[in-house]
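Undergrad: what follows is a predicted protein model with its sequence.
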Amino acid sequence: MPPKLTHSLLRMILDTLQNAHLYYRLGIKFIKAFEYLAQTDFTTVEKGKYEIDGTNIYAIVNEYDTVAAATEQMESHKKYIDVQYIVSGSELIGHDFLQQQVPSKAYDQSADFMLFAEDPVFFSRLEQGMFAIFFPSDLHMPNIMVSTPMQVKKVVIKISVE
């Protein structure tokens, strides 16, 4: 039997929704999140917050224009894991691992985030049909333009770590 996965040992994941089944062993919350993404026609879903399993799993649907990396900071969460899924458009997401960095904005417990002024170590490009999973040990800077601003529709599913 494989060892039980703990979120503190995991690092960011980038893939396509077609391969979501490969991550089902992360647990039932991930299965529910990926099933929601696969079964929902987001072209008809308005911006907003949608419960999937109460406060354990919920989705935030958003539309925005991507921005320059120079105007943004990396973020991290403690209570929730992000599954960020691109419905339309494309963007860059900056990354780093949370190690000894000091937050530029202290942790806000009610909003579950803190900010970090360091530049990302690397960027990944996410396009329609792709997702990224960010665990509490991952710093990430989403919504970054590839070359020029572009409208993006994205679903961020929040999965509680508890």
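TA: All right, it came through fine. Given the structure is predicted, the values throughout are model-derived calculations rather than measurements.
Undergrad: find the helix or strand that H140 is a member of.
TA: strand 138-144 (DSSP states H and E).
Undergrad: and A38, by the same measure?
TA: Using DSSP H and E, A38 falls in helix 28-39.
Undergrad: any idea of the mean pLDDT in that helix?
TA: Helix 28-39 shows a mean pLDDT of 98.
Undergrad: please identify the buried residues of that helix?
TA: K29, F30, K32, A33, F34, Y36, L37 (16 or more other CB atoms under 10 Å). In this view, the C-beta of every residue, glycine as well, is placed from N, C-alpha and C.
Undergrad: got it, and stretch 133-143?
TA: Those would be I133, F134, F135, P136, D138, L139, H140, M141, P142, N143, for stretch 133-143 by 16+ other CB under 10 Å.
Undergrad: mind giving me JSON lines with the residues you listed and columns for distance to F113?
TA: What follows is the buried residues of stretch 133-143, written out as JSON lines (distance: CB to CB, whole Å):
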{"residue": "I133", "distance to F113": "16"}
{"residue": "F134", "distance to F113": "11"}
{"residue": "F135", "distance to F113": "14"}
{"residue": "P136", "distance to F113": "11"}
{"residue": "D138", "distance to F113": "13"}
{"residue": "L139", "distance to F113": "11"}
{"residue": "H140", "distance to F113": "11"}
{"residue": "M141", "distance to F113": "12"}
{"residue": "P142", "distance to F113": "12"}
{"residue": "N143", "distance to F113": "14"}
